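In: Sharing a model prediction with you, sequence too.
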Amino acid sequence: MLNRFGIFLIGFLSVFYTQAQVESHIKIDGLNSSYDEHSPALSPDGNTLYFTRSGHAANVGGVIDRGDIWYSVKTDSGWTQPAHAGHLINHPGLNGVVGFSADGQRMYLLNYFDPDGQGGGNMRNGIAVSNLENGEWTRPERLRIQYFSNDSPYIGATINREENTLILAIRSYESEGNEDLYVSFKQGDDQWSQPKNLGSVVNTYGEEWSPFLAADNETLYFTSNAHDGFGGRDIFVTKRLNGSWQDWSAPVNLGEAINTKGTERDYFIPAEGDMAFFSSTQNSEGFGDIFNFPLSQTEKALQQSAETVITANTASETDQPEKESVIVMTFQVLDKRTEQPVDAAIEFTYGQKKIDLNTADIDSENKHFVLSLEEGAEVAVNIKAKGYLAYEEIFTADASVQGVDSEFGGSGVETFYLTPEEVGTKMKIENVLFNRAAATFSNPQVATRQLDEIVQMMKSNPGMAIRLEGHTDNRGDARLLKELSVERVKTVRDYLLSKGVEADRVEFVGFGGEQPLTDNDSASGREINRRVEFVIIR
C-alpha cells in the first residue's frame, strides 16, 4: 500500500505541476552556447557542474562527436567559462555524467572506451566509473552488467546515492517500442544484475529517456515523447509502489511551468540547494541549453532524505570541521538454520535518513547488496520476512565487519540471520561459553552481546515464548552435570529477565550430558556438546 508520503507527493505534484506557474526557466548565464548542451549533473559539494556538449570542435571526435563532458566551477560571481573535461573521461562518441558517490570520489559515466577493440580501441555502449585521485579523474572502467544489451545509439542512466541501483534508458530484450527504462542492482561481487524493464505504466511504445532517481529511491523523473505532453518531449515524475520496481504510479507531467513545445530532458536534483537543473530547447534554434528551476517543498524533502557529504577541497583543516568519511558495506540476509538467502523487506535508519529495500528485487543467487554509509553512524535495521521472526538491530557503520567471505577476495559481508517463525524451532546460542565447572561466563562481553540479540528478538516478537536448554559434555558425575547445566541456563535466563524480558516467556531446563550432538572422545567434540539452545514454544 502506498504510504502517506507517497500519496502526498503524487497528489501534490498533480496539482502543483499541472497549473501554470509564474516562474519561468532560469537560463544559466555564461554556461550555454550555440552548441547543444544537455545532461547537467552537479557534484555533491555543489561546486562543479558537469554537462554534455555536442558539436564542438574541441571535443575528442571534433564537430561530429555526439557529445563530450564539459564542466564549469561555481564562484562568488557565478559559473566560470566552461572547460573541456579532458581526454581521460571523454572518447569519440556519446559521453555524459550519470551521477556520483555521496562523497564525490567516484563519478559514473555513460559508455566506456575499450582499448582492446578493433582498430586499436572502440567506444562501447554501457556504464563506467572513474575515481578522483589527486584532483584528477582516472580512466573510466566499465561496470559489469549481466547480459547488458542496448540496440539504440542513445543511452541514459541514473545511479542512486548508495551506488547500488541503476536506472537505464536503453532499447533491450524487453522493450516493445523504442527506449525503455530498466533497473539493475549491484551484486556483492561487483557484478550488476541483468537490467529488468520497469513495466508498462512507465514505459510506452515511444521513447523514455534521461531518468533521474531521487534521494528517497522511490521517486523517478524521466523524459518521454509518448505520455501526454506539451511538446516533443516532456519531463514526468512517477513513484514506485509497494516496494516494487515494476509497480509505479501513473506518470505526472511536470506542467507548463517547465515543459514547453520543444524538448525538456535531464531533470537533476542536486544533493543540496534550491534549484533543479534540466535541459531545454526553449528559445533556441533546436539545440539544448542548461536551465535552473526552483525546487518545490516536496522536492526539498526528497533532497534531504539522502546522506549529504560536503567536500570542500579548497578549505583548510583550520577553518572547517573534519569531513565525515563514507564507507561501502556489503550485506546479506540468511536463514539461521540453513544459511540460505531470504527474501526480506529491510529498513535502515540513521539520523534523519531512511533506506528501504527488498532482497526479492536483487537478481543474484547470493542476494548481496551494498550501501554507502557515514563511517561511525549508528544504524538501526528492521527486517521482516514471511515465515520468520521480526529482526531488529542497531550497529555502527564500520569498514571492518564481523563476517569475511572468500568469494569477495577477503572483503567483509555483514550478515543478518533470521529465525524461522515456527513452534519447535531450535537454535544454538553461539559464543555463550562458561568457566570450567562454573555457571559464570568465561567472556562476559562476548556472551552478553550475543544474548542482547535474543533480548531484541523477544522484544520485536512480543507474542513469542522460548525454552532455554542447557547441555554439558559427559565427563563427570551425571547428577552434578545436570545441576551444572541447570545453573548455567538459569544464568542465561536471569540475564534476559534483567533486560526486560517477561519471566513467563522464558522457560528453562538442564539436560547435563544426556543429549550430545557428537561424541565426547575429543576436546573439539566436547566443546560442541557444551552449549545453550533455545526452542520456540509459542
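Out: Cool, got the structure.

In: and Tyr417, how many neighbours?
Out: Tyr417 has 18 neighbours, counted by other Cβ atoms under 10 Å. No exception for glycine: its C-beta is placed from N, CA and C like everyone else's.

In: list the contacts for it?
Out: 334-336 (Cβ atoms under 8 Å, 6 or more residues apart in numbering).

In: which stretches of the chain have low pLDDT?
Out: Within the chain, the stretches with pLDDT under 70 are 1-24, 116-122, 188-189, 231, 284-286, 304-328, 363-364, 399-412.

In: Work out which residue lies at the spatial centre of the protein.
Out: In the chain, the centroid-proximal residue (Cα atoms, centre = their mean) is Glu162; its distance is 3.9 Å.

In: residues near the closest residue to Ile69 other than its chain neighbours, how many?
Out: Nearest residue to Ile69 in three dimensions, chain neighbours excluded: Ala85, at 4.2 Å (Cβ to Cβ, 6 or more residues apart in numbering). Residue neighbour count, defined by other Cβ under 10 Å, stands at 21 for Ala85.

In: gap between Ala85 and Gly135?
Out: Ala85 is 13 Å from Gly135, where distance means Cβ to Cβ, to the nearest Å.

In: In helices only, show me the contacts of Tyr417.
Out: Of the contacts of Tyr417, none are assigned to helices by DSSP state H.

In: so which of those residues is the most crowded?
Out: Among the contacts of Tyr417, Lys336 has the most neighbours (other Cβ under 10 Å), with 19 neighbours.

In: what kind of secondary structure is the closest residue to it other than its chain neighbours in?
Out: Sequence neighbours aside, Tyr417 is the residue nearest to Lys336 in space, at 4.0 Å (criterion: Cβ to Cβ, 6+ apart). Here Tyr417 is strand, with the state taken from DSSP: H, G, I helix; E, B strand; the rest coil.

In: so what's Tyr417 bridging to?
Out: Counting by DSSP bridges, Tyr417 is bridged to Leu334.

In: That one and Gly424, how far apart?
Out: With Cβ to Cβ as the criterion, Tyr417 and Gly424 are 18 Å apart.

In: these two touch, right, the residue nearest to the centre of the chain and Ser372?
Out: Yes - contact criterion Cβ atoms under 8 Å: Glu162 and Ser372 qualify, at 5.1 Å.

In: hey, what's in contact with both of those two?
Out: Counting by Cβ under 8 Å, 6+ apart, the contacts common to Glu162 and Ser372 are Ala102.

In: now the farthest one out in the protein, which residue is it?
Out: The chain, farthest from centre, Cα atoms, centre = their mean: Asp477 at 56.1 Å.

In: what about it, distance to Leu484?
Out: Plainly put, Asp477 is 10 Å away from Leu484 if you go by Cβ to Cβ.

In: Go ahead and confirm Ser224 touches Trp209.
Out: Yes - with contact defined as Cβ under 8 Å, Ser224 reaches Trp209; the gap is 7.3 Å.

In: Quick one: residues contacting the residue nearest to Asn203 when sequence neighbours are not counted.
Out: Leaving out its chain neighbours, the residue that sits closest to Asn203 by Cβ to Cβ, 6+ apart is Asp180, at 4.1 Å. The contact partners of Asp180, by Cβ under 8 Å, 6+ apart, come to 169-172, 174, 197-198, 203, 208.

In: and Asp180, how far is that from Phe236?
Out: For Asp180, the distance to Phe236 - Cβ to Cβ - is 14 Å.

In: Over to Gln303?
Out: Taken as Cβ to Cβ, the span from Gln303 to Phe236 is 19 Å.

In: Which one's more surrounded, the two?
Out: For Gln303 versus Phe236, neighbours defined as other Cβ under 10 Å are more numerous around Phe236 (25 against 20).

In: looking at it, that one is touching Asn225, isn't it?
Out: No - between Phe236 and Asn225 there is no contact under Cβ under 8 Å: 10.8 Å.

In: What residues of whichever strand in the chain runs longest count as buried?
Out: Counting residues, the longest strand in the chain under DSSP state E turns out to be strand 122-133. By 16 or more other Cβ atoms under 10 Å, the buried positions in strand 122-133 come out as 122-123, 125-130, 132.

In: circling back: is the residue nearest to Asn203 in a bridge, and if so with what?
Out: Beta-bridge partners of Asp180, as defined by DSSP bridges: Ile170.

In: ok, now how distant is it from Glu207?
Out: Using Cβ to Cβ, Asp180 is found at 9 Å from Glu207.

In: Could you do Gly126 as well?
Out: Taking Cβ to Cβ, one finds Gly126 at 19 Å from Glu207.

In: got it, and Arg171?
Out: 9 Å.

In: Overlap in contacts, the two.
Out: Residues within reach of Arg171 and of Glu207 at once, by Cβ under 8 Å, 6+ apart, are 178-179.

In: Just the strands from the stretch 51-200 of the chain, written as ranges.
Out: All strands of the stretch 51-200 of the chain, identified by DSSP state E, counting those that start in this stretch, fall at 68-75, 78-79, 83-84, 97-100, 106-114, 122-133, 136-137, 141-142, 144-145, 156-159, 165-170, 180-185, 191-192, 196-197.

In: Nearest approach to Thr518 belongs to which of the ones you listed?
Out: Ranking these by proximity to Thr518 (Cβ to Cβ) places strand 191-192 first, at 38.8 Å.

In: For Tyr147, list the residues it contacts.
Out: 173, 194-195.

In: next one: Leu371
Out: 162, 164, 328-329, 331, 348, 355.

In: cool, Glu299 as well?
Out: 214, 269, 276.

In: would it count as being in a helix?
Out: Yes - counting by three-state DSSP, Glu299 is part of a helix.

In: Quick one: the helices in the protein, in order.
Out: Counting by DSSP H, the helices of the chain are 4-18, 297-303, 444-460, 478-498, 523-529.

In: Could you list the residues in contact with the third one?
Out: The contact list for helix 444-460 (Cβ under 8 Å, 6+ apart) reads 389-393, 419, 429-433, 441, 464, 466, 492, 495-496, 499-501, 505, 534.

In: thinking again about what came up before, export the contacts of Tyr417 as TSV, with columns for distance to Gln187.
Out: Formatted as TSV, the contacts of Tyr417 follow (distance: Cβ to Cβ, whole Å):
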residue	distance to Gln187
Leu334	16
Asp335	20
Lys336	23
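
In: which residues are in contact with both of Ser224 and Trp209?
Out: Contacts common to Ser224 and Trp209, judged by Cβ under 8 Å, 6+ apart, are Arg233.

In: quick revisit: out of the contacts of Tyr147, who's nearest Phe293?
Out: Out of the contacts of Tyr147, the member with the shortest distance to Phe293 (by Cβ to Cβ) is Pro195, at 29.4 Å.

In: ok, the longest strand of the chain: who's next to it in the sheet?
Out: On the basis of DSSP bridges, the sheet neighbours of strand 122-133 come out as strand 106-114 (antiparallel), strand 136-137 (antiparallel), strand 141-142 (antiparallel).
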